[in-house]
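>>> generate coordinates for the sequence data below:
(chains A and B)
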Amino acid sequence: MAGTLTIYSAAGNPFPPSKITLDGAETRHLDIRSLVPPEESTHTLGGITIDFTGQSMGIAAQVTISGFHGFGNIDAPVFGDMMYKSNDADAVWWEPKGADSHLILGNSSEGPVHAQITFANGKRREIDLAPHATIVQSIPHAGEADEARFHNINSVHVVGTGMAGTLRVTGWVSSSKDGYVDTIHSYDPATSTESAVYANGLHFSDGANHLLVKNLTANPITVSGTIYPIGTNGPAKALALPEKTLPPGASSELQIPAAGDPESLDEAAIKLESSGPLASIIASYSNHDRANQITRSVPFKDVGDLSTLTGAYPWRLDGNFQSKIFVTNVGKSRASIGAKILPVKGPEYFIDTKYLEVGETAVFDIRKLRDEQFPDPKGVKLPKDAQLGQFVWNTIFGNGKDKLIGRNEVVDRSSGISASFSCPYCNCPYSTSSASINPFTPVVVINGVASIVATAGTSDPCGRGSPGGYTISPSSWSIYTAGYFSLTSNQPTSTMKGISNGSSSFYTPFTGVLYAFDGYSSCFVYSQPVLNPGGNGCVGITITSIDPPQGAVGATVNPVVIRGCNFSTTLTNNTVNAGQGIVATVIAPASTDGTTINASFVIAPNAAVGTNQVIVTVKAADGSKATTNPMDFVVTQAIPTNWTMASPPTNLNDGSLFFPKYNWSSTDGNKAHLSTCRVGETVFYPGFPTTPYIWPLPMVQSTTNPFSPTPYGYGSDDHAEDTNGPPGGYRQPYFASSFNATQRFWWTCPYYKNGSQNNFVPDITITRKIFKDTDGFWKYQISKSGYTNTFKLPNQ
Amino acid sequence: MNAQTRLFAMLLILVTPIGGATKHDPIPAASACDVLEQALSASKHVTVGKQRKDVERYFERDGGLQFPGATRYSYVECHLLHLDVEFDRTKNAQGAFSPDDTITNVSKLYVEYPAKD
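Numbers count the residues shown, from 1 in each chain, chains lettered A, B, ... in the order given. Down below sits the predicted model:
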């Protein structure tokens, strides 16, 4: 995917753009200074744009300014305007004593934007931004009498003109004395879909922690919260935050409950709820390790948008960098995710289904996975020298109502860098469109066991390739006929245990979900198909099916495929008894897994019409014999058979091939027994099913395609004739042309295979052509079954 | 004496089909309704109890697969017009397409391309 990067000066003037081409799933670090001409490097840089043609979110980026003030870093995502729903922004942050805060305002558009900033001290500032301009605005502290000032909290409210997303707001707070630098994260209140915000991957140990919240409304609200610590096996017990009432517009720090060792809360997730309406609160969390001059700040999220159910983050392991991905289920029911790691110059590392209970966080430590060479389910390991790549995760098997948050924390303690990445993958999660089990027909002996894995097939609504199948942990199994076997559930691999001879179908209840992406920014659920993956379990020596399940009196049915389990793989050790009037013989081949044998059934002409029972007797190696369950085989009335050309064709003068007599017989030798059967033909022309078929010139004719002329004959008819005619006319000038039609002769009987069509013989090709003969004349010729008729075209 | 003369010619070539069909199935004449009316009238003569020879007075056997017990006919003046006729099969079990086969059922006249296979 190709893109164009343009750097702008603070005044909004572009530097010469740079072209960049990224391979699929490629991650690349770019030094922004390298994108600016050396002679221009003294300019104060402003914004950056990336233009590309392709899928939405095809390219995502984040800017990290490291070595900020000599020890810290700030970061900002590079988003499209579509990610915003208004031009307003709110922010709240920790501002230690002696620290200064600065707001960065950027204009992403070609037109001017006006911003009105309301500071925590109540003062306002009006700012005009030229197209693509960037302005840094010093932020005054909160008012002296303000409780927020007392608690070292600062905040801003920004209202912008112009299209949504054209005014970008970020900033930093820094204190050289404390070695403190943090990014000011702003939030677009219009994107809020609920009165709660979430964050995960919080760091509590080794520093001072500050959890701040601001009331954005004009009414008092109460804020409550829950911390979800990481458990060793599933989620640990959640901790409730003391409720706090906030006056209108007020900011406050929330007390984090003591939980013994702060490390026990590391990497926890948090949920803050407001008693107010949507967009009533914003929050921030920071952990400052003064000794190492590292500040970890965590952005809070609203999870109403389906885009929060996906994530694609760049990771890096070069030097002392670490990358940890946190994905938390902040919803009210169990959720599941799938993921993949895409190292640069390495194979895809697949992360199979990870179920997340409410409040549970999945942590993926890329460095640990690499260094410990932990294989994925397919045996793939991250290259030992992998330093750069992408991590992509998605909700799977959901219904669009899951609530998940994710982010990637990139930390280098040695250089004091802590950055957070949280780009959605494509605004739309994977669809779950199919599901199956493996094996489809598990076979066990009595008291034997077999492993069964259910897998869901997923597809990417954004069309970025097939994500592959994810393992389902079945919540339960439904067995159609109980008593033959049992199945375990709630594990990725289910165990089937044989109880008694027999077979039954079974499935696990499972509903898929299909998402649709509008190609711009919206995603929606448009279908939730019931998929219920299942199969047919077979226990002991059992017949599960016979194909065909019927035969006509007087007919020889060969082969009859008998499926089931634990037949002998030695052909002669299987004996088939198909009941009175049927001589059954086992014939080759038999499957090597004992699930299929073949037989020939010769049904006597005087066999009774009705249901016979087929039983297979299997002789074991020790000479003992066991018999299967009986399986029905229906003997029907006679059926048509032996379609033959009883007389050779006659060449008619108009070019027709006339077959005066096709004949057939009855399997029981009495055609009168076929009076309810019908006989007919269907002719398929080129381009089927497009109809009508217009014959190629010079032939002038049209034909319904396919053509199955009525009235059909009766099985008891003496015979049929068939005329394969020429076109209705010929058009000059003559030239060579030809086409083939396919003729099918068939029969039906109401009592046989539910009245479906059965072919008498393999399809026959009818060839028609116009050609110039050796005598110099243009001629029409028809060929079928080795016979031809040639007709000289008129007016030559 | 000078006389003013106007030369005139129809641009006939523009209205003549290039390489016109040299042979074609009978198609409806100038008035399609005339042919339809004739076919409809003929079909009224084909009734249950009459014989195959009565059908073949107005209609001819269509192409394609045909059976003595149930036969498809097309109108001799227009092969797009069809009639399906069934005959007493107990009487023709030994033979085929006998002129004396008795009609047991007649369809309505319908339009379909001629069967060519």
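
>>> contacts and neighbour counts: CA atoms only from here.
Will do.

>>> by residue count, which helix of the chain is the longest?
Picked chain A for this. Of all segments of type helix in chain A, defined using DSSP state H, the longest is helix A:366-371.

>>> not what I meant, chain B
Chain B, longest helix under DSSP H: helix B:32-43.

>>> state the mean pLDDT of the helix or strand following that one.
Counting by DSSP states H and E, the next helix or strand C-terminal to helix B:32-43 is helix B:52-55. The average pLDDT for helix B:52-55 rounds to 94.

>>> which other helices and strands contact helix B:52-55?
The contact analysis (3 or more CA pairs under 8 Å, 6 or more residues apart in numbering or on different chains; DSSP states H and E) places helix B:52-55 against no helix or strand.

>>> and it, C-alpha only, in CSV?
Listed next in CSV are the C-alpha coordinates belonging to helix B:52-55 (Å, rounded to 0.1, in the frame of the first residue of the first chain):
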residue,chain,number,x,y,z
ARG,B,52,-54.3,-39.2,-34.3
LYS,B,53,-55.0,-38.8,-38.0
ASP,B,54,-57.4,-36.0,-37.1
VAL,B,55,-54.7,-34.1,-35.3
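
>>> got the buried residues for it?
For helix B:52-55, the neighbour count (16 or more other CA atoms under 10 Å in any protein chain shown) marks B:Arg52, B:Lys53, B:Asp54, B:Val55 as buried.

>>> ok, the helix or strand where A:Tyr515 lies: who's next to it in the sheet?
Using DSSP H and E, A:Tyr515 sits within strand A:514-517. Using DSSP bridges, the strands paired with strand A:514-517 in its sheet are strand A:523-527 (antiparallel).

>>> next helix or strand past the strand it pairs with?
strand A:534-539.

>>> what's the angle between the helix or strand that that following strand is followed by and strand A:534-539?
Per DSSP H and E, strand A:534-539 leads on to strand A:542-547 as the next helix or strand towards the C-terminus. Angle, strand A:542-547 to strand A:534-539, by axes from the mean of the first three to the mean of the last three CA atoms, to 10 degrees: 130 degrees.

>>> residues from chain A in reach of chain B?
A:680-681, A:683, A:700, A:702-704, A:707, A:709-714, A:716-733, A:741, A:743, A:794-795 (CA under 8 Å from any CA of the partner chain).

>>> give the buried subset of these as a ChimeraX selection command.
To isolate the buried ones among these in ChimeraX, judged by 16+ other CA under 10 Å, type:
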select /A:680,681,683,700,702,703,704,707,709,710,711,712,713,714,716,717,718,719,720,721,722,723,724,725,726,727,728,729,730,731,732,741,743
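
>>> who are the contact partners of A:Gly680?
For A:Gly680, the contacting residues are A:Ser708, A:Pro709, A:Thr710, A:Tyr712, A:Gly713, A:Phe745, A:Trp746, A:Trp747, B:Leu65, by CA atoms under 8 Å, 6 or more residues apart in numbering or on different chains.

>>> what does A:His114 give?
A:Glu126, A:Ile127, A:Asp128, A:Leu129, A:Gly160, A:Thr161, A:Gly162.

>>> where does chain B have low pLDDT?
B:1-30, B:89-95 (pLDDT under 70).

>>> would you map the strands across it?
Listed in chain order, the strands of chain B (DSSP state E) span B:21-23, B:59-61, B:64-66, B:70-75, B:78-87, B:103-106, B:110-111.

>>> now for residue 44, how many residues are close by?
All of this refers to chain A. Neighbour count of A:Thr44, defined by other CA atoms under 10 Å in any protein chain shown: 11.

>>> you looked at the wrong chain, it should be chain B
Using other CA under 10 Å: B:Lys44 sits among 11 other residues.

>>> which one is the residue in the stretch 451-600 of chain A positioned nearest to chain B nearest to, not counting chain neighbours?
Proximity of the stretch 451-600 of chain A to chain B (CA to the nearest CA) peaks at A:Gly554, 21.7 Å away. Nearest in space to A:Gly554, with sequence neighbours left out and distances taken as CA to CA, 6 or more residues apart in numbering or on different chains, is A:Pro605 at 3.7 Å.

>>> quick one: which of the contacts of A:Gly680 sit in strands?
By the criterion of DSSP E, membership of these in strands covers A:Gly713, A:Phe745, A:Trp746, A:Trp747, B:Leu65.

>>> which residues touch the first one?
It refers to A:Gly713. A:Arg678, A:Val679, A:Gly680, A:Ala720, B:Gln66, B:Phe67, B:Pro68, B:Gly69, B:Ala70, B:Thr71.

>>> change it to 6 Å
Counting by CA atoms under 6 Å, 6 or more residues apart in numbering or on different chains, A:Gly713 makes contact with A:Arg678, A:Val679, B:Phe67, B:Ala70.

>>> next, give phi and psi for A:Gly359.
phi 90, psi -10 (degrees, to the nearest 10).

>>> can you pick the most crowded of the ones in strands among the contacts of A:Gly680?
Within the ones in strands among the contacts of A:Gly680, neighbour counts (other CA under 10 Å) peak at B:Leu65, which reaches 30 neighbours.

>>> distance of that residue relative to chain A?
Using CA to the nearest CA, to the nearest Å, B:Leu65 is found at 4 Å from chain A.

>>> pretty sure that residue contacts A:Asp722?
Yes - between B:Leu65 and A:Asp722 there is a contact under CA atoms under 6 Å: 4.2 Å.

>>> would you put the C-alpha positions of stretch A:772-786 in CSV?
The C-alpha trace of stretch A:772-786 is given here as CSV (Å, rounded to 0.1, in the frame of the first residue of the first chain):
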residue,chain,number,x,y,z
LYS,A,772,-17.3,-25.3,-46.5
ASP,A,773,-17.0,-28.8,-48.0
THR,A,774,-14.2,-30.0,-50.4
ASP,A,775,-16.7,-29.5,-53.2
GLY,A,776,-16.7,-25.8,-52.5
PHE,A,777,-20.2,-25.7,-51.1
TRP,A,778,-21.3,-24.5,-47.7
LYS,A,779,-23.0,-27.2,-45.8
TYR,A,780,-24.8,-27.8,-42.5
GLN,A,781,-23.8,-30.9,-40.6
ILE,A,782,-25.2,-32.6,-37.5
SER,A,783,-23.5,-35.3,-35.6
LYS,A,784,-24.7,-37.5,-32.7
SER,A,785,-23.8,-40.9,-31.4
GLY,A,786,-21.4,-41.5,-34.3
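
>>> list the buried ones in that stretch?
Applying 16+ other CA under 10 Å to stretch A:772-786 flags A:Lys772, A:Trp778, A:Lys779, A:Tyr780, A:Gln781, A:Ile782, A:Ser783, A:Lys784 as buried.

>>> so what's the first one up against?
Okay, so that is A:Lys772. Going by CA under 6 Å, 6+ apart, the list of residues near A:Lys772 reads A:Trp778.

>>> if I look at it, what pLDDT would I see?
Looking at A:Lys772, the pLDDT reads 97.

>>> and the fifth one, by the same measure?
You'll see A:Gln781 listed with a pLDDT of 98.

>>> what lies in contact with the one helix or strand it maps to?
Element membership for A:Gln781 (DSSP H and E) is strand A:778-784. The contact list for strand A:778-784 (CA under 6 Å, 6+ apart) reads A:766-772, A:788-793.

>>> and that strand, which strands flank it?
Short version: by DSSP bridges, strand A:778-784 pairs with strand A:764-772 (antiparallel), strand A:787-792 (antiparallel).

>>> now those strands in JSON lines, with distance to A:Leu657?
Below are those laid out as JSON lines (distance: least, CA to CA, whole Å):
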{"stretch": "strand A:764-772", "distance to A:Leu657": "10"}
{"stretch": "strand A:787-792", "distance to A:Leu657": "6"}
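
>>> determine which of those approaches A:Thr4 most closely.
strand A:764-772 (58.6 Å; CA to CA).

>>> just the helices from the stretch 51-200 of chain A, written as ranges.
A:147-150 (DSSP state H, counting those that start in this stretch).

>>> the residue lying closest to A:Ala164 once chain neighbours are set aside: neighbour count?
Using CA to CA, 6+ apart and skipping the chain neighbours, the partner closest in space to A:Ala164 is A:Ser86 (4.2 Å). Using other CA under 10 Å, A:Ser86 has 21 neighbouring residues.
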